[in-house]
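K.L.:
Any chance you can model this:
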Amino acid sequence: MDAVNLPRPAWMTEDLVLLEEQAGRFMHTEFVPHLDKWHDEHMYPREVWTQAGAAGLLCASMPEQYGGAGGSFAHEAVINRQYSLAGFDTFGAPLHSGIVAPYILHYGSEEQKKRWLPKLATGELVGAIAMSEPGTGSDLQGVRTTAVKKGNRYLLNGSKTFITNGQHANLIVVVAKTDPKERHKGISLMVVETDDAPGFRRGRKLKKLGYDSADTSELFFEDVSLPTENLLGSEEGQGFAQLMTELPQERLIVSVHAVAMMERALALTVDYVKQRQAFGKKIIEFQNTQFELAACKTDVTVAKVFVDHSIERHLRGELDTVTASMGKYWTTDLLGKVVDRCLQLFGGYGFMDEYPISRLYRDARVMRIYAGTNEIMKLMIARSL
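P.N.:
Numbering: from 1, shown residues only. Okay, the predicted model is just below:
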């Protein structure tokens, strides 16, 4: 599926081209035939994680000594793009591999890395990060969840919502206050292994406007006792700085996802208008159709070039928060516009749930909200003026 016909970016090495082909084949063989069923059931099965792990599609950027493939963010970007091109937008692997695992790699002790990363790579552990709370939204400094030290243990109390992978996750990085009197200086990251955590409870799998098969959930922590070794970092109070350091990659992941969704929407629409007839000719033959798709192709091409440039900068360690915020805000806003234009060309069929463009339209909306709302992105950008 190549709706924009761009040459491969400079960062796409030969091994990444092979990974792209392998990942695409695997997803179309193992996942695509089941997507409609999972959509109707509002859940994909737990074994999807171990399948992805066995295929080498989890934690590709983690070092081999910790069970990963020894790659870089480029490997994650290639795999994530294939998920979206295949239509498996609801799978939480990009967060698992590109957000949760790096927190452990960058801030965990050697024992923590050896204990958790290999199991994340196989899918034995499913990762989640619990930031958002009822009433706090994007204000991470205002979290109310607490981790109070009692001897050589922490007692974790609080509730989280909108948590990706919430029903499947058994390794959760929880944003908590170890010093409730402080704002950002009082935040720490605690790791909860849910299989051995009395007091941990999963709430509802939340009903949503889109992302039907994604297990977005509420989570509750009631006097969950954690060993002090489950603190990420050398001391308390480092959580906010850890979060801010990792957010550019999280936002770049969203941009990669958004561009791939636009590519898929454009490809589906081009295919449809070349087959569908109205008033005795193919819809592609109408000038309005041509103009609309020309505009979409231009938008998607420009977006892809920008995101490829951002990936290249990130691989060199040069992607700053402002550029990542610009990418996240602009590509997700553009995604909504492109998918809306494409759906219009499907006419009434575009409004029908069995047509993938309908799901794309619904699923695209949340992209402007998660990983920091686009309004927060604009604030970040404005501070650079």
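
K.L.:
which element is the closest residue to K282 other than its chain neighbours on?
P.N.:
Among residues not flanking K282 along the chain, K274 sits closest, at 6.1 Å (CB to CB, 6 or more residues apart in numbering). Placement of C-beta: from N, CA and C, glycine included. K274 belongs to helix 239-275 when assigned by DSSP states H and E.

K.L.:
Next secondary structure element downstream of the worst-scoring helix or strand of the chain on mean pLDDT?
P.N.:
Lowest on mean pLDDT, DSSP states H and E among the helices and strands of the chain sits strand 277-278, with a mean of 92. Moving toward the C-terminus from strand 277-278, the next helix or strand (DSSP H and E) is strand 281-282.

K.L.:
how much space between the residue lying farthest from the centre of the chain and Y272?
P.N.:
Here the centre of the chain is the reference, and by CA atoms, centre = their mean the most remote residue is G280, at 43.5 Å. Shown here: G280 relative to Y272, a distance of 18 Å by CB to CB, to the nearest Å.

K.L.:
In this structure T321 contacts Q249, no?
P.N.:
No. Using CB atoms under 8 Å, T321 is not in contact with Q249, being 10.6 Å away.

K.L.:
Show me where this protein has its helices.
P.N.:
14-30, 35-41, 47-54, 73-86, 93-95, 101-107, 110-122, 239-275, 287-315, 321-345, 356-364, 374-382 (DSSP state H).

K.L.:
how about these, which one is nearest S188?
P.N.:
Proximity to S188 (CB to CB) singles out helix 239-275 among the helices of the chain, at 4.3 Å.

K.L.:
Report the buried residues of that closest one.
P.N.:
Of the residues in helix 239-275, 239-240, 242-243, 246-270, 272-273 count as buried by neighbour count, 16 or more other CB atoms under 10 Å.

K.L.:
Next, the contact list for the closest residue in space to M62 that isn't next to it in sequence, please.
P.N.:
Distances taken as CB to CB, 6+ apart place G68 nearest to M62, at 2.5 Å, with adjacent residues excluded. Counting by CB atoms under 8 Å, 6 or more residues apart in numbering, G68 touches C59, A60, S61, M62, A101, L117, A121.

K.L.:
ok, and the most crowded of the residues you listed?
P.N.:
C59 (33 neighbours; other CB atoms under 10 Å).

K.L.:
and the chain, what are its domains?
P.N.:
14-125, 128-237, 241-382 (automatic domain parsing).

K.L.:
related to what we said a few turns ago, please name every helix or strand in contact with the least confident helix or strand of the chain.
P.N.:
The helices and strands touching strand 277-278, judged by 3 or more CB pairs under 8 Å, 6 or more residues apart in numbering; DSSP states H and E, number zero.

K.L.:
Describe which strands it pairs with in its sheet and in which direction.
P.N.:
When sheet partners are counted by DSSP bridges, strand 277-278 sits next to strand 281-282 (antiparallel).

K.L.:
which residues sit against the strand it pairs with?
P.N.:
V273, K274, Q275, R276.

K.L.:
Next, work out how far apart W330 and K378 are.
P.N.:
W330 is 10 Å from K378, by CB to CB.

K.L.:
Which one of the two is surrounded by more residues?
P.N.:
When neighbours are counted by other CB under 10 Å, W330 and K378 differ, and W330 comes out ahead with 19 against 13.

K.L.:
Would you agree that one is in contact with V307?
P.N.:
No. Look at W330 against V307 with CB under 8 Å: they stay out of range, at 9.7 Å.

K.L.:
Surely V305 and P7 touch.
P.N.:
No. V305 lies out of contact with P7 (CB under 8 Å); the separation is 10.4 Å.

K.L.:
what's the closest of the domains of the chain to D2?
P.N.:
Ranked by CB to CB, the member of the domains of the chain that lies closest to D2 is domain 241-382, at 7.6 Å.

K.L.:
okay, how far is it across the closest one, tip to tip?
P.N.:
20 Å (CA to CA, to the nearest Å).

K.L.:
Sketch out the low-pLDDT regions of the protein for me.
P.N.:
Scanning the chain for pLDDT under 70 picks out 1, 137-138.

K.L.:
Mind doing that once more with 50?
P.N.:
Across the chain, nothing is flagged by pLDDT under 50.

K.L.:
Go through the domains of the chain and name the closest to A3.
P.N.:
Across the domains of the chain, closest to A3 is domain 241-382 (CB to CB), at 4.0 Å.

K.L.:
and that closest one, how far from the chain's centre?
P.N.:
14 Å (CA atoms, centre = their mean, to the nearest Å).

K.L.:
Could you number the chain from 226 rather than 1 from now on?
P.N.:
Shifting the count to begin at 226 puts that one at domain 466-607.

K.L.:
quick revisit: relative to G249, how far out is the residue nearest to M287?
P.N.:
21 Å.

K.L.:
do Q290 as well
P.N.:
28 Å.

K.L.:
before we move on, what about H264?
P.N.:
20 Å.
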